[in-house]
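[1] sequence first, predicted coordinates after that:
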Number of protein chains: 2
Amino acid sequence: MSKIAVDMMGSDLGPSELIKAVYKYRNDHKDIEFILYGDENELSKLIINDKDRLSIVDAKEVIPMEIDPLTFLRKKESSLYKAILAVKNNEADAIISAGSTGGLVVGATVLLKNIDGISRAGLCSPFPTLDYNKPATIMDIGANLTNTCEDLVSFAIMGRIYSENVLKIKNPNVYLLSNGTEEGKGSKEAVEAYQLLKKYPWFKGNCEARNALDGNHDVVITNGYAGNIFLKATEGMGKNMSSLMKKAFKTNLLTKIGYLFAKKGFKQLSNHMDYKRFGGAIFLGTNGIVVKAHGNSDSYSFYHALDVANKMIEEKIVDKIKEQKVSE
Amino acid sequence: MSKIAVDMMGSDLGPSELIKAVYKYRNDHKDIEFILYGDENELSKLIINDKDRLSIVDAKEVIPMEIDPLTFLRKKESSLYKAILAVKNNEADAIISAGSTGGLVVGATVLLKNIDGISRAGLCSPFPTLDYNKPATIMDIGANLTNTCEDLVSFAIMGRIYSENVLKIKNPNVYLLSNGTEEGKGSKEAVEAYQLLKKYPWFKGNCEARNALDGNHDVVITNGYAGNIFLKATEGMGKNMSSLMKKAFKTNLLTKIGYLFAKKGFKQLSNHMDYKRFGGAIFLGTNGIVVKAHGNSDSYSFYHALDVANKMIEEKIVDKIKEQKVSE
């Protein structure tokens, strides 16, 4: 039986939305138990008649969007603190939160500590690509502002383990995000990382942002600032294109009729691009499984985030990172 | 009569494609003269029967994709060197090239020098947004890797002048690209630039990459590295979405029929998103008008790049930047 610690607080749609996903996931998976962290009064109303493999831990405080490590350490009554602590104390196998990203990154770092040999943990996320069967993994998408070349090498190793074991991509290749494909292009850290990565057969060199999601790039590593710009630029452009597509179908009566015929294909496209099917991002590099669900998670999205946590437990991702670091 | 110096070398499709745009632009505009720089043997074959307002300056050497300032200064026989020199010597009012971006940036910087008070020149480019009538201006999209806070302030002032005078946006607002909208978010330079920009009524704070192209952001400033990631991420996502749209229309017979009905709306969308209608980027901040046409410019795209150069001449953009710096 695996146990997932769920921070029920701090999400945009509130615990009543998250609980739907928890129930559905529990019903679909017989070997999982959930510990829910949040306001007991509120939560017990939501699970009144069905407490099978569900327990509540009372935690009234909610971690704000921005928090520094010292303040976090004082927030011992918060749902996030208690949920992460459960992983540290081996009372849970994974922690998942749809609350503050900054809080989760700070909290997991100070409580769980980085895996030996990992200089920095980072946020890794799958992205839909041109190839319907091959999501790309981008890391770091914003846990850090700047990164050293050692961090980038850690991201490469961890991103590959995620891609291979969770996304089931065979022998994933790794690229460095840069402003040009030639060796020597990019930030100082990226140029140095290139040299350190050369010895790995899976490292294929630099990649430009325009090609990262073409289906031929499995893992793309970057410092957190550029990764965050990349994440949000593609997200914004995807949203803009969808909205312009809708507008195109509304141009006149003929285009509206066109939509009725083409609906099926576009439904498929919109499902493919829907970031909610990935559930969220994974904070990789600490001694524990840490999943960041989207802040605006609905039950569909949160269900998928729970699934990511479960797959990470099944695949023993943290152990695999440790083994890889030892064999280096 | 305005004179445009055209570097005919180094583009992907070659001088025979560029010359079509030059002819068409010359025929559409009676007050412009062109000086073409490149291999005389090759060029004279292209303009054999029609030399009205066209002259050729022989230059056999082509500037490579990457070049350092000292090497550039030795390439006195190259088409790019001679074309930029014409602007420096007041023999031309603007220089346009579809060749090496690095060469143009280095060449314009060493030959034309930065405008007094401008710490760094940068590449500025218009982007299509959700609002069909309001392109956004992003600067710098990759002339620099890193930038100081003073550079970012210069970009704000120059980007605004471009947006107002060339794109005809009234009283453009300016945002700083960042990883969060709150004051204090972003790179060290961006945080410092925020403080310097606060005094301007047109400065509206930070903006995330996902919202930069929503039609409400007129000028978005960033360091060159993040700007380059932004440019290429949106470009790649736009291309991916177009290709997935085509795939969606090809799903089955019904969706194919749908395309026939919806064609008009999608043609409009594809024209709106076509980066070729903007011609290219502008290198702003040196003592001269410098336009970087897309490397893969076809005659349609190069025509628009010539139009950007012409508008910049008409609007006396360099003088306007100088005046603004004096009044500071």
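    Here it is on my side, so go on. Numbering: from 1, shown residues only, chains lettered A, B, ... in the order given.
[2] let me see the ranges of the helices in chain A.
    A:15-28, A:40-46, A:69-74, A:79-88, A:101-112, A:149-165, A:188-197, A:224-249, A:253-273, A:299-314, A:317-327 (DSSP state H).
[3] test my guess that residue A:55 contacts residue A:40.
    No: using C-beta atoms under 8 Å, residue A:55 makes no contact with residue A:40, being 10.7 Å away. Every C-beta, even on glycine, is put in place using the N, C-alpha and C of the backbone.
[4] tell me which helix or strand of chain A sits lowest on mean pLDDT?
    helix A:317-327 (a mean of 88; mean pLDDT, DSSP states H and E).
[5] what helices or strands is it leaning on?
    On a contact count with 3 or more C-beta pairs under 8 Å, 6 or more residues apart in numbering or on different chains; DSSP states H and E, helix A:317-327 meets helix A:149-165.
[6] could you tell me the angle between the least confident helix or strand of chain A and helix A:101-112?
    Helix A:317-327 runs at 60 degrees relative to helix A:101-112, counting by axes from the mean of the first three to the mean of the last three C-alpha atoms, to 10 degrees.
[7] what lies in contact with helix A:317-327?
    Applying C-beta atoms under 8 Å, 6 or more residues apart in numbering or on different chains, the set of residues contacting helix A:317-327 from outside is A:115-118, A:157-158, A:161-162, A:165-166, A:284-285, A:287-289.
[8] again, only using 10 Å
    For helix A:317-327, contacts defined as C-beta atoms under 10 Å, 6 or more residues apart in numbering or on different chains pick out A:87, A:93-94, A:112, A:115-118, A:154, A:157-158, A:160-162, A:164-166, A:282, A:284-290, A:311-312, A:316.
[9] any idea of the angle that helix forms with helix A:79-88?
    Using the same axes, to 10 degrees, helix A:317-327 lies at 60 degrees relative to helix A:79-88.
[10] next, the angle from helix A:317-327 to helix A:149-165.
    130 degrees.
[11] what is the neighbour count of the nearest residue to residue A:166 once chain neighbours are set aside?
    The shortest distance from residue A:166 to any non-neighbouring residue, by C-beta to C-beta, 6 or more residues apart in numbering or on different chains, is to residue A:311 (5.0 Å). For residue A:311, the count of nearby residues is 18 (other C-beta atoms under 10 Å in any protein chain shown).
[12] in contact with residue A:311, which residues?
    A:94, A:162, A:165, A:166, A:167, A:168, A:289, A:291, A:317.
[13] which residue does the stretch 51-200 of chain A bring closest to chain B?
    residue A:179 (4.4 Å; C-beta to the nearest C-beta).
[14] ok, that residue - how many residues close by?
    Neighbours of residue A:179 under the rule other C-beta under 10 Å: 24.
[15] which non-adjacent residue is nearest it?
    Using C-beta to C-beta, 6+ apart and skipping residues adjacent in sequence, the residue nearest residue A:179 is residue B:228, 4.4 Å away.
[16] residues contacting that neighbour?
    A:178-180, A:186, A:208-209, A:226, A:229, B:123, B:140-145, B:222.
[17] name the member of those residues with the most neighbours.
    Neighbour counts for the contacts of residue B:228 (other C-beta under 10 Å) peak at residue B:140, which has 33 neighbours.
[18] isn't that residue right up against residue B:219?
    No: if you go by C-beta atoms under 10 Å, residue B:140 and residue B:219 don't touch, sitting 11.8 Å apart.
[19] identify the contacts common to those two.
    Residues touching both residue B:140 and residue B:219 by C-beta under 10 Å, 6+ apart: B:124, B:155, B:158, B:159.
[20] tally of neighbours for residue A:246?
    12.
[21] for the contacts of residue A:311, which one is nearest residue A:191?
    residue A:162 (24.9 Å; C-beta to C-beta).
[22] how close does the closest one get to residue A:54?
    Residue A:162 sits at a distance of 28 Å from residue A:54 (criterion: C-beta to C-beta, to the nearest Å).
[23] now the most centrally placed residue in chain A, nearest residue through space, not along the chain?
    Nearest residue to the geometric centre of chain A (C-alpha atoms, centre = their mean): residue A:281, 0.8 Å. Closest residue to residue A:281 apart from its sequence neighbours, by C-beta to C-beta, 6+ apart: residue A:125 at 4.2 Å.
[24] show me what contacts the residue of the stretch 51-200 of chain A closest to chain B?
    Residue A:179 makes contact with A:185-187, A:190, A:206, A:208-209, A:226, B:141-142, B:145, B:224-229, B:231-232, according to C-beta under 10 Å, 6+ apart.
[25] switch to 6 Å and redo it
    A:185, B:142, B:228 (C-beta atoms under 6 Å, 6 or more residues apart in numbering or on different chains).
[26] next one, pLDDT for the last one please.
    Right, residue B:228. Listed pLDDT for residue B:228 reads 96.
[27] what subset of the contacts of helix A:317-327 is buried?
    Buried by 16 or more other C-beta atoms under 10 Å in any protein chain shown: A:87, A:93-94, A:112, A:115, A:118, A:154, A:157-158, A:160-162, A:164-166, A:282, A:284-290, A:311-312, out of those.
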